[in-house]
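Q: Sequence unavailable; structure follows:
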């Protein structure tokens, strides 16, 4: 239990750290991409202005599109007709220019606009800039650059960030495991002291209970009591038996927590064990007017400890008989799967409420509604012990709430 809490804490630490890393990585990539885009727009605007001067003033400014497949430009008149184009576009490609929609937007806004479009070879960043002569707009020049280089730069950034993030996550797991261990140390020590106290107290109380029972039985044997006193002693003996059962459960819980319960690991017939337990509880069910039905295959092989499995099944049968009203029924079934041998005990009692279902196997937990002490319940340890016994054998014990009412408990053990 404590080890599971330690791992949950560790995974919680690592999960929070991973979310922080993802957030920072996304922010870094988005911010870096935006910064690259802004730099692209500044560069393309400058290139568009230089090329515009080349066209209007017959200047010979050097531009990046000369002989480069990464850049291209085109000039348009106000009606969208091409008036000039990058001379190398015929051989190196146009990058999807012209973009008449961007040209119309630049004319409408009367200023430069930029956008990302999809060209023949992929995404392209385009700047559209109005061309002016003596203050009058005479056309639009568009300058474009392929975003393949930008994508490669971002990919290199990711190649740096991903190993760093994985390394940080690994460090967070190790650090979280260490810190969770330190955080759990007081709880572990407290739990060990509590377990030792429960085991010692339960063991020490066994002796006085045995003596009390022996003395009470001796008084009854002498037969010097009136009827009222005899009833009181019978009641005291019944409560002594009940307390002895509680102490036995507490001792078993302490041994389960300490991992000191001896469990066999060998094949046994779960179907035979089901029939045996059903026969043991059959008389009690019949006395309440409850029908007990057993449907199992002739042989249902499971691997584990037959004695401890029988102890867990006894808890399920006891609960089913206790909470099934007169005229109800209990259905016991067994089936085999690829990896599991399963036994189910279904009753037609009041069932388990949805709020109680997740906690039905908690120690000392008692449902507030249908399944209460008024039904003759015990301490709330039975189901918890049953599940711990089954899990210690590599299996599991599950509780279900069928639509038709009642409760179903499924016990699963490895089939081999």
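A: Everything's here; your move. The structure presented is a predicted model; accordingly, all values stated were derived computationally and were not measured. Numbering: from 1, shown residues only.
Q: All the strands of this protein, residue numbers only.
A: 71-76, 82-85, 113-119, 122-133, 136-146, 266-269, 291-295, 301-304, 329-336, 340-347, 396-400, 407-414 (DSSP state E).
Q: Deepest-packed of those strands, please.
A: Most buried of the strands of the chain by mean neighbour count (mean count of other CB atoms under 10 Å) is strand 71-76; its value is a mean of 26. For glycine as for every other residue, the C-beta is placed from the backbone atoms N, C-alpha and C.
Q: just for the chain, where's the confidence low?
A: For the chain, the stretches with pLDDT under 70 are 1-4, 184, 187-205, 366-379.
Q: on that earlier part again, take the strands of the chain and write them to TSV, including distance to residue 153.
A: TSV is the format used below for these (distance: least, CB to CB, whole Å):
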stretch	distance to residue 153
strand 71-76	16
strand 82-85	28
strand 113-119	15
strand 122-133	13
strand 136-146	13
strand 266-269	63
strand 291-295	68
strand 301-304	58
strand 329-336	59
strand 340-347	54
strand 396-400	52
strand 407-414	54
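Q: Among those, which comes closest to residue 185?
A: Of all the strands of the chain, strand 396-400 sits nearest to residue 185, with 29.5 Å by CB to CB.
Q: That closest one pairs with which strands, and in what direction?
A: Sheet partners assigned to strand 396-400 using DSSP bridges are listed as strand 407-414 (antiparallel).
Q: Helices of the stretch 301-416 of the chain, start to end?
A: 306-323, 382-392 (DSSP state H, counting those that start in this stretch).
Q: Show me the one of these that comes nearest residue 249.
A: Nearest to residue 249, of the helices of the stretch 301-416 of the chain and by CB to CB, is helix 382-392 at 6.1 Å.
Q: quick check: domain ranges of this protein?
A: 2-152, 266-414 (automatic domain parsing).
Q: quick one: residue 105 and residue 113 touch, right?
A: Yes. Using CB atoms under 8 Å, residue 105 makes contact with residue 113 at a distance of 5.1 Å.
Q: related to what we said a few turns ago, and the domains of the chain as CSV, adding distance to residue 165?
A: Shown next, in CSV, are the domains of the chain (distance: least, CB to CB, whole Å):
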stretch, distance to residue 165
domain 2-152, 5
domain 266-414, 35
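Q: Out of those domains, the one nearest residue 206 is which?
A: Comparing these by CB to CB, domain 266-414 comes nearest, at 16.2 Å.
Q: and the end-to-end length of that closest one?
A: By CA to CA, to the nearest Å, the extent of domain 266-414 from end to end equals 10 Å.
Q: ok, back up a step: any shared contact partners between residue 105 and residue 113?
A: residue 128 (CB atoms under 8 Å, 6 or more residues apart in numbering).
Q: Distance to residue 348 and mean neighbour count for the helices of the stretch 301-416 of the chain - can I get that in a markdown table?
A: Listed next are those as a markdown table, based on distance: least, CB to CB, whole Å; neighbours: other CB atoms under 10 Å:
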| stretch | distance to residue 348 | mean neighbour count |
| --- | --- | --- |
| helix 306-323 | 9 | 22 |
| helix 382-392 | 19 | 21 |
